[in-house]
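In: Build me a model:
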Amino acid sequence: MKIKKILVSQPKPTSDKSPYFDLAEKYGVEVVFRPFIKVEGLSAKDFRQQKVNIADYTAIIFTAKTAIDHFFRLCEEMRINIPVTMKYFCTSELVANYLQKYIVYRKRKIFAAKTGRLIDLIPAMQKHKTEKFLLAVSDVNNGSEIALLAEHKLSVTAATMYRTVSNDFTEDEPFDYNMLVFFSPPGVESLLKNFPDFKQGDIVIAALGSATAKSVVDSGLRLDIEAPVPEAPSMPAAIDLYLSKNKGKI
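Out: Numbering: from 1, shown residues only. This next block holds a predicted model:
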């Protein structure tokens, strides 16, 4: 079956330089950006039920830009003034730079890993182990991050600040895709929630990350593309490799 239409379960890129647009042009396919999930922030009332007082903490850990948005939103809603002495620990420089949306970057103490992995942020945290750390997470957090930090003798409290919910399809919304691209387990769960009688057939399924890939397989679906792998370090690269190898066959 020829791949004509690909669903990428992410918001549409703001830049026209996205590699997904390059794939569309290179292979003559239609790429549709349509998230299976969406993020909703916890209300101040719901957040308070966790009995976490943000003002008690001296350092915040961020693993995503979404966490930054909801942390500062909650602080504003609860009228919490963040002191200039607050330290920020981010899993990547991209996440750290996003802090400029809310704070004067050069006047704050900000630490960032270069890899995007929490484990590579630990050395910086250990140098400041007397701080009271708060980790901003979503409701799908499985506790593995806290467990990892505990293994390295770091005392960290996790606070849920936003939740992931299914972005439901409407009855008249067409679902005529030849490839589905997933980026998280909740995305796979949303597919099966929206289409409980889903039959994969010839539809190609791609997954980013081992947890997403496992979710695909555990759901009884066929995993056709996984990223990252040595020969394809990103999802666009993995799709490119698949389409290139199967050119003329599908």
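In: Near residue 85, how many residues? Count them for me, please.
Out: Counted by other C-beta atoms under 10 Å, the residues lying close to residue 85 total 9. All C-beta spots, glycine's among them, are computed from the backbone N, C-alpha and C.
In: which residues in the chain form helices?
Out: 19-27, 44-48, 65-77, 93-98, 122-126, 144-151, 185-194, 210-218, 235-245 (DSSP state H).
In: Check residue 228 and give its pLDDT.
Out: pLDDT, residue 228: 87.
In: ok, it touching residue 234?
Out: Yes - assessed by C-beta atoms under 8 Å, residue 228 is found in contact with residue 234 at 6.3 Å.
In: What distance do you get for residue 50 to residue 5?
Out: Distance, residue 50 to residue 5, by C-beta to C-beta, to the nearest Å: 42 Å.
In: sorry, back to before: most packed of the helices of the chain?
Out: helix 185-194 (a mean of 21; mean count of other C-beta atoms under 10 Å).
In: which other helices and strands contact that one?
Out: strand 37-41, strand 156-166, strand 179-182, helix 210-218 (3 or more C-beta pairs under 8 Å, 6 or more residues apart in numbering; DSSP states H and E).
In: So for residue 56, which of those sits nearest?
Out: In terms of C-beta to C-beta, the element of the helices and strands packed on helix 185-194 nearest to residue 56 is strand 156-166, at 8.9 Å.
In: For the closest one, list the C-alpha coordinates in PDB.
Out: C-alpha atoms of strand 156-166 as PDB (Å, rounded to 0.1, in the frame of the first residue of the first chain):
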ATOM      1  CA  VAL A 156      13.100  15.800  45.800                       C
ATOM      2  CA  THR A 157       9.400  16.300  46.000                       C
ATOM      3  CA  ALA A 158       7.300  15.800  42.800                       C
ATOM      4  CA  ALA A 159       4.200  18.000  42.300                       C
ATOM      5  CA  THR A 160       1.700  17.400  39.600                       C
ATOM      6  CA  MET A 161       1.000  20.700  37.800                       C
ATOM      7  CA  TYR A 162      -0.800  19.600  34.600                       C
ATOM      8  CA  ARG A 163      -2.600  16.600  33.200                       C
ATOM      9  CA  THR A 164      -2.700  14.800  29.900                       C
ATOM     10  CA  VAL A 165      -6.200  14.100  28.500                       C
ATOM     11  CA  SER A 166      -7.400  12.500  25.300                       C
END
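In: which residues are contacting that strand?
Out: For strand 156-166, contacts defined as C-beta atoms under 8 Å, 6 or more residues apart in numbering pick out 36-42, 47, 50, 52, 54, 57, 61, 66-67, 70-71, 74, 132-141, 143, 145-146, 149-150, 184, 186, 189-190, 193-194.
In: Could you tell me the average pLDDT over that strand, please?
Out: Here the average pLDDT along strand 156-166 is 93.
In: orientation of it relative to helix 65-77 in degrees?
Out: Strand 156-166 and helix 65-77 meet at an angle of 100 degrees, taking axes from the mean of the first three to the mean of the last three C-alpha atoms, to 10 degrees as the criterion.
In: what about strand 156-166, distance to the chain center?
Out: 12 Å (C-alpha atoms, centre = their mean, to the nearest Å).
In: Noted, bye for now.
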